[in-house]
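> fold the following and give me the result.
(chains A, B, C and D)
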Protein chains: 2
Amino acid sequence: MKDVAQLAGVSVKTVSRVVNGEAGASVEVRERVLRAAERLDYRHNLGASTLRRKDSRSGIVGALLQDVGNSFSAGLLRALEDSLREAGLSVLAASLDEEPERERGIVADLVARRADGLVLMPASRRHEYLVSEQRAGLPLVFVDRRPHGLDCDSVTVDNVLGATRATAHLIEGGHRRVAMLSDLEEIETAQERIAGYRAALAAAGLELDPSLLVPSVRGEEDASRVVAKLLALPDPPTAFVTGRNTLTIGAVRALRSAGLSHQIALVGFDDFPTADLVEPALTVIRQDVQRIGAEVGRLLLDRLDGAAGPPKHLVLEPSLVRRGSGEITAPGRPRTAARSD
Amino acid sequence: MKDVAQLAGVSVKTVSRVVNGEAGASVEVRERVLRAAERLDYRHNLGASTLRRKDSRSGIVGALLQDVGNSFSAGLLRALEDSLREAGLSVLAASLDEEPERERGIVADLVARRADGLVLMPASRRHEYLVSEQRAGLPLVFVDRRPHGLDCDSVTVDNVLGATRATAHLIEGGHRRVAMLSDLEEIETAQERIAGYRAALAAAGLELDPSLLVPSVRGEEDASRVVAKLLALPDPPTAFVTGRNTLTIGAVRALRSAGLSHQIALVGFDDFPTADLVEPALTVIRQDVQRIGAEVGRLLLDRLDGAAGPPKHLVLEPSLVRRGSGEITAPGRPRTAARSD
DNA sequence: TTGAAAGCGTTACCAA
DNA sequence: TTGGTAACGCTTTCAA
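A predicted model of the protein is given here:
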């Protein structure tokens, strides 16, 4: 910048003005400065700028997601990016893979970077460690999972409701033996979905068979194994609820290799891009990823605009998308009969 | 930092040493400094650090992809993140949506941020504008698309080969009327895939029917429309090649609503997570996204380690994954007959 | 409209 | 093992 000033025959301050598009520089001087900058391959240094600026915004927002390669996280990231772009914010994305220590490390890094805000789909269960950052003015928005030991903005989905709807829908189809596969037990959303499953059974007056409730299923392959095992029971389930997209996919594979995908009902949590192309098309509980991402962005931008007030907790309703797999009725129990049950 | 130094009763430099884990600070002093930092909620400022450091690394790598919400970009991003994490680099991800101006803007931003390197799946066709950055020492790695007017590292896939294989595979299945749906014409990979399609037809001695080659198909819905239109031709195609994952999905929808998904063959470019669950399971040309992302990361890290030498251009071979949709034979032409054709 | 000087938080360099 | 001082590239403040 000094060099540019020298070449243009002006002061450093003037160059700064031109570079930042501030008023107070004659057209002639501006021209001269820009030409000099061009000639010298000058590049503005945002780091130095941020350092000195009064309102020191780094223009970076950290997005700590479970796995940016998974369609849920990826869709969220995309929606978030879109809503932050217009405000001139860039997104630094990271995958946590359910590892709390990684979360801590990345948060520390982003704090050191002076990120303007953090979006967190946490891997950790307790979040007291963020209180000091929040007090220091760092806007925090939790997504998909609620904060614990910390009160900050959040956007979540009513998981209990979603799982209840999924399970009830199957019960309406005449099913009495509905199995549930759920994600790692430590994850709160998984617990909530299990709660929804239990609630729906109870509401229908069905007793829970513990052998049909399998928590801590780890991924596609594990889901396939579990489903195969359940199908081999003496009194196997006639319907499945799966607690997350990868588990749904694993379940479909297992049903298919057992040749039962048209006999056994399935409702999956999380929609995904080709769920309607699977045979039978998959009935799912859909979370509106676009909407969630947009709301997260809006909350963050509001805080950056100085919005005070207590943390907001948005809870969106997931919806049941009927496509076929969830409408398979129980053997000997046509749907209509079941309805008047 | 000054405050910490004061509270700990040491000099600023000493605090700096402790914070950076440098040698030359007694255990006792270190303890004292850390306690003071804790008490004052001190947070290291990476921006200021980067500014002053000799080897001024920002620790940020920019990843400019087409759409971080699409499974191809998302998978790439994830693989890249993994390979850069161990080197302590964070990824700033952005979606370009085939908009060259957005690319320019984001590159400018990342340059101003002093990113340590850039990974580019460009939306623009000419890349001279990056030459000065490269000369200034910024490591550049292109992915999926080659640089033009700029010579830098790249990792691409042999698109001609992939499309040739797809088309030849269908021809081997006895098909004589093979249609091709391709992405926006400006995109080089789309051109290459068309070239592969032409080459395979030529090699089989088949004449290209211009009405069966549809370039610039825009997305899922557009692909569905195009397929429906082609099926309504007097002499419709008996097989399709689609030039990218979203087009494949659109094609499947159209075939399905025409009730022809088991009569008409289809080979899609790009694999995606549930391609094996679609009915019939989709035969695809797979690009190994994991591998591509890892190679990109390695190239970048090599350059950051000071690797000189001419740019490297990695060209990976895509592979044909047979799953069913591509093995549907032409009416009246069983596969074996076709083979001996 | 322009400029000089101070300072943002940190590290480099050299001296103690 | 420690500290003082300059400097990184920029913006702020105030004066011209």
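
> flag every residue of the stretch 1-150 of chain A that's near DNA strand D.
The stretch 1-150 of chain A comes close to DNA strand D at residues A:1-2, A:12-13, A:16, A:19-20, A:42-45, A:48-49, A:51-55, as judged by CB under 7 Å from any atom of the strand. Using the backbone N, CA and C atoms, a C-beta is placed for each residue, glycine as well.

> hmm, stretch A:145-155 in reach of chain B?
No: Stretch A:145-155 stays clear of chain B (CB under 8 Å from any CB of the partner chain), getting no nearer than 15.7 Å.

> now the end-to-end length of that stretch.
End-to-end distance for stretch A:145-155: 8 Å, by CA to CA, to the nearest Å.

> quick check: mean pLDDT of it?
When pLDDT is averaged over stretch A:145-155, the result is 98.

> list the buried ones in it?
By neighbour count with 16 or more other CB atoms under 10 Å in any protein chain shown, stretch A:145-155 contains the buried residues A:Arg145, A:Arg146, A:Pro147, A:Leu150, A:Cys152, A:Asp153, A:Ser154, A:Val155.

> ok, of the residues you listed, which one's closest to A:Asp82?
Set against A:Asp82, the nearest of those by CB to CB is A:Val155 (15.3 Å).

> who is that closest one paired with across the strands?
Judged by DSSP bridges, the bridge partners of A:Val155 are A:Val143, A:Leu314.

> so who does it touch?
A:Val155 sits next to A:Val141, A:Phe142, A:Val143, A:Asp144, A:Ile292, A:Glu295, A:Val296, A:Leu299, A:Leu314, A:Leu316 when contact means CB atoms under 8 Å, 6 or more residues apart in numbering or on different chains.

> with A:Ile328 instead?
A:Ile328 neighbours (CB under 8 Å, 6+ apart): A:Gly173, A:Ala239, A:His262, A:Gln263, A:Ile264, A:Ala265, A:Leu266, A:Pro280.

> try it again at 6 Å.
Listed by CB atoms under 6 Å, 6 or more residues apart in numbering or on different chains, the contact partners of A:Ile328 are A:Ala265.

> name the nearest residue to A:Glu192, ignoring sequence neighbours.
Spatially, and ignoring its direct neighbours in sequence, A:Glu192 is nearest to A:Asn159 (3.7 Å; CB to CB, 6 or more residues apart in numbering or on different chains).

> could you do A:Leu34 as well?
The shortest distance from A:Leu34 to any non-neighbouring residue, by CB to CB, 6+ apart, is to A:Val18 (6.6 Å).

> kindly report the same for A:Val217.
A:Leu181 (4.8 Å).

> the one you found and chain B: what is the separation?
Distance of A:Leu181 to chain B, given as CB to the nearest CB, to the nearest Å: 17 Å.

> can you count the residues close to that residue?
By the measure other CB atoms under 10 Å in any protein chain shown, the count of residues near A:Leu181 is 27.

> who does it bridge with?
Beta-bridge partners, per DSSP bridges, of A:Leu181: A:Val214, A:Thr242.

> and it, what does it touch?
A:Val214, A:Val217, A:Ala223, A:Val226, A:Thr242, A:Leu247.

> picking up where we left off before, buried subset of the contacts of A:Val155?
Counted by 16+ other CB under 10 Å, the contacts of A:Val155 give A:Val141, A:Phe142, A:Val143, A:Asp144, A:Ile292, A:Glu295, A:Val296, A:Leu299, A:Leu314, A:Leu316 as buried.

> from memory the third one sits against A:Glu295, does it?
Pointing back at A:Val143 there. No: taking contacts as CB atoms under 6 Å, A:Val143 lies outside contact range of A:Glu295: 8.7 Å.

> host element of A:Gly309?
Using DSSP states H and E, A:Gly309 falls within no helix or strand.

> cool, A:Ala200 as well?
helix A:188-203.

> what packs against that helix?
Applying 3 or more CB pairs under 6 Å, 6 or more residues apart in numbering or on different chains; DSSP states H and E, we find helix A:188-203 packed against helix A:159-172.

> who's in contact with the helix it packs on?
With contact meaning CB under 6 Å, 6+ apart, helix A:159-172 is reached by A:178, A:189, A:192-193, A:195-197, A:199-200, A:204, A:239, A:241, A:265, A:267, A:285, A:318, A:320, A:326, A:338.

> that older thread, the host helix or strand of the residue nearest to A:Leu34 close to DNA strand C?
Following DSSP H and E, one finds A:Val18 within helix A:12-19. Yes: applying CB under 7 Å from any atom of the strand, one finds helix A:12-19 in contact with DNA strand C at A:Val12, A:Lys13, A:Thr14, A:Arg17.

> count the residues that sit near the first one.
When you say that, I think you mean A:Val12. Counted with other CB under 10 Å, A:Val12 comes out at 13.

> contact partners for the nearest residue to it once chain neighbours are set aside?
Excluding the flanking residues, the one nearest A:Val12 by CB to CB, 6+ apart is A:Ala5, at 4.6 Å. Applying CB under 6 Å, 6+ apart to A:Ala5 gives the contacts A:Ser11, A:Val12, A:Val15.

> would you mind listing what in chain A touches chain B?
Listed as neighbours of chain B in chain A under the rule CB under 6 Å from any CB of the partner chain: A:41, A:43-44, A:46-48, A:50-51, A:68-69, A:74-75, A:77-78, A:90, A:92-93, A:95, A:111-113, A:132, A:252, A:274, A:277-279.

> of all residues in chain A, which one is closest to DNA strand D?
A:Met1 (2.6 Å; CB to the nearest atom of the strand).

> so that residue sits against A:Arg17, correct?
No: assessed by CB under 6 Å, A:Met1 is found out of contact with A:Arg17, at 11.3 Å.

> just checking, A:Leu51 touches B:Gly47?
Yes: A:Leu51 lies in contact with B:Gly47 (CB under 6 Å); the separation is 5.5 Å.

> what is the burial count for the closest residue to A:Arg298 other than its chain neighbours?
Spatial nearest neighbour of A:Arg298, chain neighbours left out: A:Ser83 (6.4 Å); criterion: CB to CB, 6+ apart. A:Ser83 sits with 20 neighbouring residues when counted by other CB under 10 Å.

> could I have the CA atoms of whichever strand or helix holds A:Ser83 written out in PDB?
Using DSSP H and E, A:Ser83 maps to helix A:71-85. Only the C-alpha atoms of helix A:71-85 are listed here, as PDB (Å, rounded to 0.1, in the frame of the first residue of the first chain):
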ATOM      1  CA  SER A  71     -27.100 -34.800   2.100                       C
ATOM      2  CA  PHE A  72     -28.500 -33.400   5.200                       C
ATOM      3  CA  SER A  73     -25.500 -31.400   6.300                       C
ATOM      4  CA  ALA A  74     -24.700 -30.500   2.700                       C
ATOM      5  CA  GLY A  75     -28.100 -29.200   2.000                       C
ATOM      6  CA  LEU A  76     -28.000 -27.200   5.200                       C
ATOM      7  CA  LEU A  77     -24.600 -25.800   4.300                       C
ATOM      8  CA  ARG A  78     -25.900 -24.700   0.900                       C
ATOM      9  CA  ALA A  79     -28.900 -23.000   2.300                       C
ATOM     10  CA  LEU A  80     -26.800 -21.200   4.900                       C
ATOM     11  CA  GLU A  81     -24.300 -20.100   2.400                       C
ATOM     12  CA  ASP A  82     -27.000 -18.600   0.200                       C
ATOM     13  CA  SER A  83     -28.600 -16.700   3.100                       C
ATOM     14  CA  LEU A  84     -25.200 -15.300   4.300                       C
ATOM     15  CA  ARG A  85     -23.800 -14.500   0.900                       C
END
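
> just for chain A, where's the confidence low?
Applying pLDDT under 70 to chain A picks out residues A:333-341.

> the domain parsing of it - what is it?
What automatic domain parsing lists as the domains of chain A is A:2-44, A:60-157+A:289-317, A:159-288+A:320-327.

> what is the end-to-end distance of the shortest one?
Domain A:2-44 stretches 12 Å from its first residue to its last (CA to CA).

> stretch A:302-316 too?
Counting by CA to CA, you get 19 Å between the two ends of stretch A:302-316.

> which residues in chain A form helices?
Here chain A has its helices, by DSSP state H, at A:2-8, A:12-19, A:27-39, A:46-52, A:71-85, A:100-112, A:131-135, A:159-172, A:188-203, A:220-231, A:245-257, A:289-304, A:335-339.
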